[in-house]
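[1] here's a sequence, model it:
(2 chains)
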Amino acid sequence: GAVVSQHPSWVICKSGTSVKIECRSLDFQATTMFWYRQFPKQSLMLMATSNEGSKATYEQGVEKDKFLINHASLTLSTLTVTSAHPEDSSFYICSAIRQGNQPQHFGDGTRLSIL
Amino acid sequence: QQQVKQSPQSLIVQKGGISIINCAYENTAFDYFPWYQQFPGKGPALLIAIRPDVSEKKEGRFTISFNKSAKQFSLHIMDSQPGDSATYFCAASMRGGQNFVFGPGTRLSVLP
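    Below you'll find the predicted structure:
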């Protein structure tokens, strides 16, 4: 149990386009989902915490207008990278937790490459 | 105070050996300490976790040792196998999964 699915796994697009990444909890309801960014050979950097039905909480230095997060249901959160540029290229990973419970369960990540 | 320190940064172990990774934290409000294993191009996968009311937890070849007074915890991988080669992250969080903090990671290579 506790499977988190992330889609797409890899996306390549031109500079200036917007990219949407989906994160789904397949077999449990997730009141809280997290979005991370990971650079090569580095740890995970928390970008934002997303609670179902409310606005996401962004970490300091993360542009909320650049990285739009929507947590519309207990099983789905989306991250939209708006007007993506090459510096946005990275590995984006989501995670989810059950209500009032730990641990975080992670998706397999999305490798985003902006040309 | 929110940091979790992890060492070593990289580790090379012979097949069959013991791999030991150490972590330390400052915030005594942390009450949950998981370890994650990450293979290249994949998301982290939960390996084993411990709460501060126990000093040790073992699951198969993986053991967490927890020292509450020293605010340290470690992962021991017994009989290390080449398939264990991955990056390992320790983490700490508060009740409810908030304020989840990752260590910088340890790249483990197990030689055949």
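[2] dig out what residue 90 forms beta bridges with.
    Using chain A. Beta bridges link A:S90 to A:L112 when assigned by DSSP bridges.
[3] please go with chain B instead
    According to DSSP bridges, beta-bridge pairing links B:C90 with B:W35.
[4] so how far is B:P82 from it?
    B:C90 sits 22 Å away from B:P82, going by Cβ to Cβ, to the nearest Å. Bear in mind the C-beta positions are built from the backbone N, C-alpha and C, glycine included.
[5] who has more neighbours, these two?
    More crowded of B:C90 and B:P82, by other Cβ atoms under 10 Å in any protein chain shown: B:C90, with 27 against 10.
[6] show me what contacts that one?
    If you count contacts by Cβ atoms under 8 Å, 6 or more residues apart in numbering or on different chains, B:C90 has them with B:V4, B:Q6, B:I21, B:C23, B:F33, B:P34, B:W35, B:Y36, B:F73, B:L75, B:F102, B:G103.
[7] partners of the second one in the sheet?
    What that stands for is B:Q6. Under the criterion used here (DSSP bridges), B:Q6 is bridged to B:C23.
[8] pretty sure it sits against B:V101.
    No. Using Cβ atoms under 8 Å, B:Q6 is not in contact with B:V101, being 10.8 Å away.
[9] between those two, who's got more neighbours?
    A side-by-side neighbour count of B:Q6 and B:V101, using other Cβ under 10 Å, places B:Q6 first with 23 against 19.
[10] got the contact list for the spatially most central residue of chain A?
    Geometric centre of chain A, nearest residue: A:W35, 3.7 Å, by Cα atoms, centre = their mean. Contact partners of A:W35, counting by Cβ under 8 Å, 6+ apart, are A:23, A:46-48, A:50, A:56, A:67, A:69, A:77, A:79, A:92-94.
[11] swap the cut-off to 10 Å and go again
    A:21, A:23, A:44-50, A:56, A:58-59, A:62, A:67, A:69, A:71, A:77-79, A:92-95, A:107 (Cβ atoms under 10 Å, 6 or more residues apart in numbering or on different chains).
[12] burial of the closest residue in space to it that isn't next to it in sequence, as a residue count?
    Excluding its sequence neighbours, the residue lying closest to A:W35 (Cβ to Cβ, 6 or more residues apart in numbering or on different chains) is A:M47, at 4.6 Å. Neighbourhood size, A:M47 [other Cβ under 10 Å]: 24.
[13] what helix or strand is A:M47 located in?
    strand A:44-51 (DSSP states H and E).
[14] count residues in the vicinity of the residue lying closest to A:S83 once chain neighbours are set aside, would you?
    Using Cβ to Cβ, 6+ apart and skipping the chain neighbours, the partner closest in space to A:S83 is A:G16 (5.8 Å). Using other Cβ under 10 Å, A:G16 is surrounded by 10 other residues.
[15] understood, closing this out.
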